[in-house]
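Visitor: my questions concern the predicted model and sequence given below.
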Amino acid sequence: MSVEYYIFDPNGNVTALVTGGAAKPGYTDISKRIMADNPGVEQVGFVDFSNKAVNLNMAGDEFCGNAAMSAAALNYRLLGKSGVLKQTVLVSPLNAAVEVTVRGEGDEFFCESVMPFPDKISEYSFTAGGREYKFPIVHLSGITHIIADNSLSPAYAQSVIKALAKDLAVPALGIMLFDRAPGRLVPLVYVAAVDTVFFEKCCSSGTCAVAALLDSYEKTVITQPGGAVLARVQDNGIYVSLSLKFIKHCIKE
């Protein structure tokens with residue numbers, strides 16, 4: 001069976017989107033094949049454009065804001081649109097609706113998404129390297145983010161993220177290493193179902209979590225390894241904006 005997919009680059013968080021209605025039991029195997037063929041790909045989603053909405057399922061059933069924006073950009077590209085297109089991306093099985101506005105020119109796209117508010121924000125304590133940490137934790141539908149500061153080293157974060165996800169019983173966990181003064185974010189993300197851990201160059205759901213914690217109605221620039229992401233909290237959701245690029249179209253036999 002051939003697999004058709006498209007690769008996008010949202011600020012370095014390279015994402016593959018599979019079209020053609022692949023069956024859910026095959027998601028993990030297809031995802032592994034694509035990532036083996038394309039080492040830069042950090043996550044794989046499965047898209048369906050059979051109705052007016054854009055339907056997205058991630059391989060690990062996690063929520064991914066960058067994949068939602070990439071799916072909207074792909075639909076824009078396949079429709080041959082120009083100018084501005086507003087779309088609804090339905091992220092299943094989470095029943096999360098992300099409103100995405102896309103403006104494109106050639107292989108370059110600018111996307112602004114309206115993401116749902118967190119289910120809750122609380123605090124979480126854990127021990128790493130013999131030291132106890134206590135950080136805010138933001139629970140989004142489909143992914144949970146710990147908002148850490150620079151007292152937690154990237155190495156320790158990487159060493160404990162799987163155990164913390166198990167302790168929290170969540171399908172996907174991010175440790176957002178956030179330096180508030182310069183607004184600099186280093187995202188670390190683990191997705192249990194596909195067993196991937198990446199220091200991502202850009203994480204939109206992590207940006208959403210940080211914005212929710214800051215609760216600022218002013219536009220906030222959050223600098224990540226792949227570039228700047230804009231975020232602001234509004235009454236109808238959390239707005240996250242970034243640029244992304246179309247990389248290539250593949251058909252794997």
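Guide: Nice, I can see it. Numbering: from 1, shown residues only.
Visitor: which strand runs longest in the protein?
Guide: The residue-count maximum for a strand in the chain (DSSP state E) belongs to strand 237-252.
Visitor: sheet-wise, list the partners of it with their directions.
Guide: Sheet pairing for strand 237-252, assigned by DSSP bridges, gives strand 3-10 (antiparallel), strand 108-115 (antiparallel), strand 227-234 (antiparallel).
Visitor: among those, which is nearest K166?
Guide: K166 sits nearest to strand 108-115 of all these, at 25.9 Å, using C-beta to C-beta. Placement of C-beta: from N, CA and C, glycine included.
Visitor: just give the closest residue to N236, not the sequence neighbours.
Guide: Closest residue in space to N236, ignoring its immediate chain neighbours: V114 at 6.4 Å, by C-beta to C-beta, 6 or more residues apart in numbering.
Visitor: for the one you found, what are its contacts?
Guide: For V114, the contacting residues are 98-100, 234, 236-239, by C-beta atoms under 8 Å, 6 or more residues apart in numbering.
Visitor: 7 Å - rerun?
Guide: 98-99, 236-237, 239 (C-beta atoms under 7 Å, 6 or more residues apart in numbering).
Visitor: still on that earlier bit, need the strands paired with strand 237-252 in JSON lines with distance to S153, can you?
Guide: Below are those laid out as JSON lines (distance: least, C-beta to C-beta, whole Å):
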{"stretch": "strand 3-10", "distance to S153": "27"}
{"stretch": "strand 108-115", "distance to S153": "29"}
{"stretch": "strand 227-234", "distance to S153": "23"}
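Visitor: highest mean neighbour count out of the ones you listed?
Guide: A comparison of the strands paired with strand 237-252 by mean neighbour count, using mean count of other C-beta atoms under 10 Å, puts strand 3-10 on top with a mean of 22.
Visitor: may I have it as CSV, with CA atoms only?
Guide: Coordinates of each C-alpha in strand 3-10 appear next as CSV, following Å, rounded to 0.1, in the frame of the first residue of the first chain:
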residue,chain,number,x,y,z
VAL,A,3,1.5,6.2,1.5
GLU,A,4,1.2,9.8,0.3
TYR,A,5,2.3,12.6,2.6
TYR,A,6,3.4,16.3,2.6
ILE,A,7,6.1,17.8,4.8
PHE,A,8,5.9,21.3,6.3
ASP,A,9,8.3,23.2,8.4
PRO,A,10,6.7,25.4,11.1
